[in-house]
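Participant: coordinates only, sequence not included:
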DNA sequence: GACCAGGCACATC
DNA sequence: GATGTGCATGGT
């Protein structure tokens, strides 16, 4: 078992299953992925609930909804003008290129989907990879700020590693099982929320990793 | 009242 | 390639 696998084991033992992504449908996951950019999940839930209350959490309904109405509904999740445009540009491609159908979308290869989604204004690597992993069940590892922070804090990567370089480390170290990737990323976020507030340089994870590393040296 | 949250695009050096 | 800034709300 390599170090990346060991850390998954440690986090899973500590925090247990995270049941990500919290959503009733895969389309809801995508909307959440866009709304949660630099935003607390609680605020995202408020926006999602607004959309649900109005029965608008549907690609075709959102397609025909005016930007004014949409921006009012998603206001609680912040950056609402910019996120209205991001949602609209995703839905535009989703409907016109993929028939507004996640089942149809899921017949395309991962590399093609990633490329097409990255062309959408406002969808960067993290958002696109979240969509691929959680809405389409593709074994693509999501790298976020917590991942960078935690794994550089552990001394496994330098803090200047690029997104792709860090993602490659996970792809090379783990079996490409989407459930594993889903759980691992969720655990990283959970650990980050709890321990990285003031960057506690010696959290339990770091102590464990260091002691395991030392044992192997002996 | 300051600080932060499950990013991204764009400007500048 | 790295670093800084605007985007905005709501919880702690």
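Facilitator: Perfect, thanks for sending it. From a predicted model like this one, the values you see are computed outputs, not experimental measurements.
Participant: Can stretch A:106-125 be said to contact DNA strand B?
Facilitator: Yes. Using Cβ under 7 Å from any atom of the strand, stretch A:106-125 reaches DNA strand B at A:121, A:122, A:123, A:124, A:125. Using the backbone N, CA and C atoms, a C-beta is placed for each residue, glycine as well.
Participant: closest to DNA strand C among the residues you listed?
Facilitator: residue A:122 (9.4 Å; Cβ to the nearest atom of the strand).
Participant: tell me, how many neighbours does that closest one end up with?
Facilitator: Using other Cβ atoms under 10 Å, residue A:122 has 16 neighbouring residues.
Participant: Can you check the pLDDT for it?
Facilitator: For residue A:122, the pLDDT comes out at 97.
Participant: what does residue A:200 give?
Facilitator: The score at residue A:200 is 64. That number is its pLDDT.
Participant: next one: residue A:211
Facilitator: At residue A:211, the predicted lDDT confidence score is 85.
Participant: ok, residue A:169 - contacts?
Facilitator: A:4, A:151, A:156, A:157 (Cβ atoms under 8 Å, 6 or more residues apart in numbering).
Participant: what about the helices in chain A?
Facilitator: Using DSSP state H, the helices of chain A run over A:3-15, A:26-35, A:41-53, A:59-64, A:67-73, A:80-98, A:102-105, A:110-118, A:125-130, A:145-153, A:163-173, A:178-195, A:204-217.
Participant: what's the nearest residue to the residue positioned nearest the centre of chain A if we skip its chain neighbours?
Facilitator: Nearest to the mean C-alpha position of chain A, by Cα atoms, centre = their mean, lies residue A:130 at 3.6 Å. What sits nearest to residue A:130 in space, not counting adjacent residues and going by Cβ to Cβ, 6 or more residues apart in numbering, is residue A:33, at 4.4 Å.
Participant: go on, residue A:127?
Facilitator: residue A:33 (5.3 Å).
Participant: In chain A, which residue sits nearest DNA strand C?
Facilitator: residue A:78 (2.5 Å).
Participant: and the residue lying closest to that residue once chain neighbours are set aside, how many residues sit next to it?
Facilitator: The shortest distance from residue A:78 to any non-neighbouring residue, by Cβ to Cβ, 6+ apart, is to residue A:39 (5.1 Å). By other Cβ under 10 Å, 16 other residues sit near residue A:39.
Participant: residues contacting residue A:39?
Facilitator: For residue A:39, the contact set (Cβ under 8 Å, 6+ apart) comprises A:77, A:78, A:79.
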